[in-house]
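Asker: quick one, what's the 3D model for this:
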Amino acid sequence: MTKKILRNAIKCKHCAEIIESKSTHDFRRCSCGKVFVDGGFAYLRRGFPEQPAENHFEELSKYEEDEG
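Answerer: Below you'll find the model as predicted:
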């Protein structure tokens, strides 16, 4: 079984903006420029200044189990 992406989104912990990628290669950066999200429903890609990621964004993505 694989996970099907239903929502690809994060919340920036620096500016509190929620950003969401809705299609493949739909690159979105928050207003302060510290984090980004990409991939839509095809893949999850995150960008942030340095580890650990938890210091920079809150994960808001949703999944469902895909039988196929």
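Asker: in which helix or strand does Tyr63 reside?
Answerer: Using DSSP states H and E, Tyr63 maps to strand 62-66.
Asker: where does this structure have low pLDDT?
Answerer: 1, 68 (pLDDT under 70).
Asker: quick one, strands of it?
Answerer: 2-7, 9-12, 18-20, 28-29, 36-38, 45-47, 57-59, 62-66 (DSSP state E).
Asker: what's in contact with the fifth one?
Answerer: If you take C-beta atoms under 8 Å, 6 or more residues apart in numbering as the criterion, strand 36-38 is touched by 8-10, 19-21, 25-30, 44-47. No exception for glycine: its C-beta is placed from N, CA and C like everyone else's.
Asker: pairing partners for that strand, with directions?
Answerer: Here strand 36-38 has these sheet partners by DSSP bridges: strand 28-29 (antiparallel), strand 45-47 (antiparallel).
Asker: quick revisit: and the contacts of strand 36-38, which are buried?
Answerer: Asn8, Ala9, Ile10, Ile19, Ser21, Arg28, Cys30, Leu44, Arg46 (16 or more other C-beta atoms under 10 Å).
Asker: JSON lines for those residues, including distance to Thr2?
Answerer: Formatted as JSON lines, the buried ones among the contacts of strand 36-38 follow (distance: C-beta to C-beta, whole Å):
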{"residue": "Asn8", "distance to Thr2": "15"}
{"residue": "Ala9", "distance to Thr2": "20"}
{"residue": "Ile10", "distance to Thr2": "21"}
{"residue": "Ile19", "distance to Thr2": "24"}
{"residue": "Ser21", "distance to Thr2": "19"}
{"residue": "Arg28", "distance to Thr2": "24"}
{"residue": "Cys30", "distance to Thr2": "29"}
{"residue": "Leu44", "distance to Thr2": "13"}
{"residue": "Arg46", "distance to Thr2": "19"}
